[in-house]
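K.L.:
following is a predicted model, sequence given first.
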Amino acid sequence: METAFLRCANHRSVSASQPHNLTTLKPHNLTNLTNLTNMKVYSKRELAMLYFPGVTPKAATNRLAGWIKRSEELSRQLAEAGYKPANKLFTVRQLKIIFAYLGEP
C-alpha cells in the first residue's frame, strides 16, 4: 500500500497513515504558498485524493476529515471561514487555511 506524505508546519514529511500530533500544527506563512492566485474551489474528495493518492476516495476523505477534526486550531479557523463538516466543497479561503496548516498536497 502506498503511503502519502505531506509537509507540516515544521517542514518535516509526515506519513499520511500515521500523522504526528495534529493538535500541535502551526500555520505556514501564507506568502510562501505557490499558485494562490490560480486556486479554485475543490470538493472534499478532490482535495483528499491529492493528499492521499494511494487509497480509495472514501478512505482519503475520511483521513482528511480526521486530520481537520484532530487539529483544534485548524478546525476553529475553518469554522470562522464558514466551513461545516457536512460541506462538500472547500472555498478558496478555506483552502488557504488548510494549506497553511497542512502544507500544499
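P.N.:
Looks like it came in fine.
K.L.:
return the backbone torsion pair for Ser43.
P.N.:
Here the main-chain torsion angles of Ser43 (degrees, to the nearest 10) amount to phi -80, psi 160.
K.L.:
wait, isn't it in contact with Lys88?
P.N.:
Yes: between Ser43 and Lys88 a contact is recorded at 5.8 Å, counting by Cβ atoms under 8 Å. C-beta here means a position set from N, CA and C on the backbone, and glycine is covered the same way.
K.L.:
more neighbours, the two?
P.N.:
When Ser43 and Lys88 are compared on other Cβ atoms under 10 Å, the one with more neighbours turns out to be Ser43, at 14 against 7.
K.L.:
and that one, how far from Leu102?
P.N.:
Here the distance between Ser43 and Leu102 works out to 17 Å (Cβ to Cβ, to the nearest Å).
K.L.:
before we move on, what about Ala79?
P.N.:
Per Cβ to Cβ, Ala79 is found 16 Å from Leu102.
K.L.:
more neighbours, those two?
P.N.:
Between Ala79 and Leu102, Leu102 has the larger neighbour count (other Cβ under 10 Å), namely 25 against 12.
K.L.:
okay but that one is in contact with Leu50, surely?
P.N.:
No: because the distance of 10.6 Å does not satisfy Cβ under 8 Å, Leu102 is recorded as not touching Leu50.
K.L.:
okay, and for the chain, where does confidence drop off?
P.N.:
Scanning the chain with the threshold set as pLDDT under 70 gives 1-38.
K.L.:
packing partners for the biggest helix by length in the chain?
P.N.:
Scanning the chain for the longest helix, with DSSP state H as the assignment, gives helix 57-70. Using 3 or more Cβ pairs under 8 Å, 6 or more residues apart in numbering; DSSP states H and E as the contact criterion, the elements in contact with helix 57-70 are helix 44-51, helix 72-80.
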